[in-house]
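# requesting a structural model of the entry that follows:
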Amino acid sequence: MQKDDDKEIQKDGNNLAMLYLTEDEWNGIEELVFILCPFFQATKFLSGATYSTLSILYPTIKGLFNHMQNNTQQLTYQPVIEIRNSILKSMQKRWSDTKDLGLLASLMDPRFKSLSFVSPSDKEHAFSLIYNLTKLSQEQLSLPTSLHTSLPTIESTEFVSPMLQFFKNFGEISLAEKSELDIYMDLPVHSPTEKNDPILWWKINCNTFPQLSEIARNYLSIPASSTLSERLFSSAGNILTKK
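Modelled structure (predicted):
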């Protein structure tokens with residue numbers, strides 16, 4: 001159009017050329033998608049309605065930190081670099097401090113019980129909390145202090161798990177008489193897939209871990225976000241209107 005003999009068409013061509021994205025801008029879009037894609041995946045994980053979400057909160061956040069901090073050299077488009085810096089700054093402000101609820105939920109999840117995604121001090125704090133809770137539970141239920149048993153697992157590798165792929169890319173997942181907690185911690189860490197449901201695992205092993213299973217139910221049933229309830233209210237609003 002810019003080379004057309006008609007001046008009006010040339011003018012239109014010049015105007016359109018100003019709207020076209022440059023090669024650098026297309027590269028910037030690709031870099032932006034690269035930066036934001038893990039956040040989309042994390043949002044889907046944490047918005048789940050059929051599995052425990054609180055226990056995957058801190059492993060997911062750690063994975064996002066890894067992604068944002070370890071890929072800076074791949075970014076070349078300055079606006080995307082500024083977006084990345086702004087997002088990382090906001091993450092550090094909002095998510096630097098761990099909370100007891102999330103720590104205990106992760107510790108009660110066979111997939112994340114190693115707590116490799118938190119600092120040694122936070123890990124020690126989580127174990128201190130769980131020891132106090134098991135001691136209180138033992139006193140209330142009058143249970144023995146030690147056990148010796150072998151345990152079934154519900155490990156499954158029947159499908160390619162998006163959650164497993166996320167933690168592979170961005171995460172840090174790495175019987176004499178013992179207490180329930182010691183036996184639980186000695187068990188292999190499960191793969192972080194959707195089918196390895198921690199609530200189902202505790203249901204299967206509740207007789208082996210009567211104290212810990214009660215604690216696990218209390219924490220793993222807490223949703224990580226309000227997305228599900230907001231979705232229900234939104235659906236209700238679409239059904240029940242003034243009309």
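
# now for residue 229: which residues touch it?
The contact partners of residue 229, taken as C-beta atoms under 8 Å, 6 or more residues apart in numbering, are residue 223. (Glycine included, C-beta is placed from N, CA and C.)

# that one looks like it's in a helix, true?
Yes - counting by DSSP: H, G, I helix; E, B strand; the rest coil, residue 229 is part of a helix.

# can you give me the distance of the residue most central in space within the chain to residue 197?
Relative to the mean C-alpha position of the chain, the nearest C-alpha, by C-alpha atoms, centre = their mean, is the one of residue 60, at 2.8 Å. Residue 60 sits at a distance of 16 Å from residue 197 (criterion: C-beta to C-beta, to the nearest Å).

# the spatially closest residue to the residue nearest to the centre of the chain that is not a sequence neighbour: how many residues sit nearby?
Among residues not flanking residue 60 along the chain, residue 42 sits closest, at 4.8 Å (C-beta to C-beta, 6 or more residues apart in numbering). Using other C-beta atoms under 10 Å, residue 42 has 21 neighbouring residues.

# secondary structure element for residue 42, which one?
Following DSSP states H and E, one finds residue 42 within helix 23-46.

# can you tell me what sits against that helix?
21, 53, 56-57, 60-61, 63-64, 67-68, 71, 74-77, 79-80, 83-84, 87, 162-163, 166, 169-170, 224-225, 227.

# among those residues, name the buried ones.
53, 56-57, 60-61, 63-64, 67-68, 75, 77, 80, 83-84, 163, 166, 170, 224, 227 (16 or more other C-beta atoms under 10 Å).

# so where's the protein uncertain?
1-18, 137-160, 172-177, 241-243 (pLDDT under 70).

# would you agree residue 129 is in contact with residue 104?
Yes - in this structure residue 129 lies within contact range of residue 104 using C-beta atoms under 8 Å: 6.0 Å.

# what's the separation between residue 38 and residue 83?
With distances taken as C-beta to C-beta, residue 38 is found 14 Å from residue 83.

# could you do residue 104 as well?
Separation of residue 104 from residue 83 (C-beta to C-beta): 34 Å.

# and for residue 55?
Taking C-beta to C-beta, one finds residue 55 at 30 Å from residue 83.

# element containing the closest residue to residue 133 other than its chain neighbours, please.
In this structure, residue 133 finds its nearest non-sequential neighbour in residue 215, 5.2 Å apart by C-beta to C-beta, 6+ apart. Assessed by DSSP H and E, residue 215 sits inside helix 210-220.

# coming back round to it: the residue nearest to the centre of the chain belongs to a helix?
Yes - assessed by three-state DSSP, residue 60 belongs to a helix.

# what sits against it?
By C-beta under 8 Å, 6+ apart, the neighbours of residue 60 are 42, 45, 46, 166, 171.

# on that earlier part again, elements contacting the helix holding residue 215?
If contacts are counted by 3 or more C-beta pairs under 8 Å, 6 or more residues apart in numbering; DSSP states H and E, helix 210-220 sits against helix 100-107, helix 120-141, helix 180-186, helix 198-204.

# tilt between the first one and helix 120-141?
Just to be clear, that refers to helix 100-107. 80 degrees (axes from the mean of the first three to the mean of the last three C-alpha atoms, to 10 degrees).

# how far does helix 100-107 sit from the chain's center?
A distance of 13 Å separates the centroid of the chain from that of helix 100-107, by C-alpha atoms, centre = their mean, to the nearest Å.

# residue 195 touches residue 162, doesn't it?
No - taking contacts as C-beta under 8 Å, residue 195 lies outside contact range of residue 162: 11.6 Å.

# so how far is the host helix or strand of residue 86 off the chain centroid?
Assigned by DSSP H and E, residue 86 belongs to helix 78-95. Its chain's average C-alpha position is 19 Å from that of helix 78-95, according to C-alpha atoms, centre = their mean.
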